[in-house]
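S.K.: Here is a sequence together with a model predicted from it:
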Amino acid sequence: AQKVTQAQTEISVVEKEDVTLDCVYETRDTTYYLFWYKQPPSGELVFLIRRNSFDEQNEISGRYSWNFQKSTSSFNFTITASQVVDSAVYFCALSELDSSNTGKLIFGQGTTLQVKP
Amino acid sequence: KAGVTQTPRYLIKTRGQQVTLSCSPISGHRSVSWYQQTPGQGLQFLFEYFSETQRNKGNFPGRFSGRQFSNSRSEMNVSTLELGDSALYLCASSVRGGIDQPQHFGDGTRLSIL
């Protein structure tokens, strides 16, 4: 069965520190997609990145970077030089093909990141 | 481009009542999914609609139902409300709902059951 584990429930850092959010997933499929979402206090989930199972290239977008390693079933997210505005709950999610051909997302429990000034 | 719009933002109901939540997807998006978020269970998939048809359903009792209209707007209904239904209900839309599609979420409806 598919499963996403975010072992870190809460992380607290001081502004300008680097922080890595861990994500480990389980799936039997060879074709799947992984996502990261950010949930600020307003409640809306904001899409950050998508990665498919055949593309293990790491990605960098400004202060954000993602490390995808199929060998360890991990898709970790690093924020460099964190800022107070990065404070939010971050979710890792898995989407795989099922009989309905829909993109049902399986979410991890989320990691609450607090960045202190 | 307007985002996903959910109404109302907040709702307070009592046990046994029923409730209807509304979601307007991003223009051009035909797939609408609903998720329930609670502190204990996290984010859980409720169901997904595409072209007015329910294509997938999560592991929720039959009290939870939904529908989609021809303009892709969707509603979900919860009947005979229970205390455990208190949650943030999030709607998400995508162009066609495939596994590769990023889903775009609304702000959610926070439902409180007294």
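M.R.: That came in fine, so what should we check first?

S.K.: make it CA atoms for all contacts and neighbour counts henceforth
M.R.: OK.

S.K.: Check which helices and strands the lowest-mean-pLDDT helix or strand in chain B is in contact with.
M.R.: Ranked by mean pLDDT, DSSP states H and E, the weakest helix or strand in chain B is strand B:53-57, scoring a mean of 92. Judged by 3 or more Cα pairs under 8 Å, 6 or more residues apart in numbering or on different chains; DSSP states H and E, strand B:53-57 is in contact with strand B:42-50, strand B:64-68.

S.K.: Provide the strand pairings for the longest one, with the direction of each partner.
M.R.: Okay, so that is strand B:42-50. Strand pairing for strand B:42-50, determined by DSSP bridges: strand B:31-38 (antiparallel), strand B:53-57 (antiparallel).

S.K.: most packed of the ones you listed?
M.R.: Greatest average neighbour count among these goes to strand B:31-38 (a mean of 24), per mean count of other Cα atoms under 10 Å in any protein chain shown.

S.K.: mean confidence for that strand?
M.R.: Per-region confidence: strand B:31-38 scores 96 on mean pLDDT.

S.K.: how many degrees apart are that strand and strand B:64-68 in direction?
M.R.: On the basis of axes from the mean of the first three to the mean of the last three Cα atoms, to 10 degrees, strand B:31-38 is oriented at 150 degrees to strand B:64-68.

S.K.: and strand B:31-38, C-alpha only, in CSV?
M.R.: These are the backbone C-alpha positions of strand B:31-38, laid out as CSV (Å, rounded to 0.1, in the frame of the first residue of the first chain):
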residue,chain,number,x,y,z
SER,B,31,-11.3,17.8,-12.2
VAL,B,32,-12.3,18.6,-8.6
SER,B,33,-11.2,16.7,-5.6
TRP,B,34,-12.2,17.0,-1.9
TYR,B,35,-10.0,16.3,1.1
GLN,B,36,-10.7,16.3,4.8
GLN,B,37,-8.0,17.6,7.2
THR,B,38,-8.1,16.9,10.9
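
S.K.: Just name the most buried of the helices and strands packed on strand B:53-57.
M.R.: The most buried one of the helices and strands packed on strand B:53-57 (mean count of other Cα under 10 Å) is strand B:42-50, showing a mean of 23.

S.K.: Residues contacting it, please?
M.R.: The contact list for strand B:42-50 (Cα atoms under 8 Å, 6 or more residues apart in numbering or on different chains) reads A:102, A:104-110, B:30-37, B:54-60, B:66-68, B:72, B:96-97.

S.K.: Apart from its neighbours in sequence, what residue is nearest the most centrally placed residue in chain B?
M.R.: By Cα atoms, centre = their mean, the mean C-alpha position of chain B lies nearest to B:Trp34, the distance being 3.2 Å. Nearest residue to B:Trp34, sequence neighbours excluded (Cα to Cα, 6 or more residues apart in numbering or on different chains): B:Cys91, at 4.6 Å.

S.K.: And for A:Val13?
M.R.: Here the residue nearest A:Val13, using Cα to Cα, 6+ apart, is A:Val115, at 5.1 Å.
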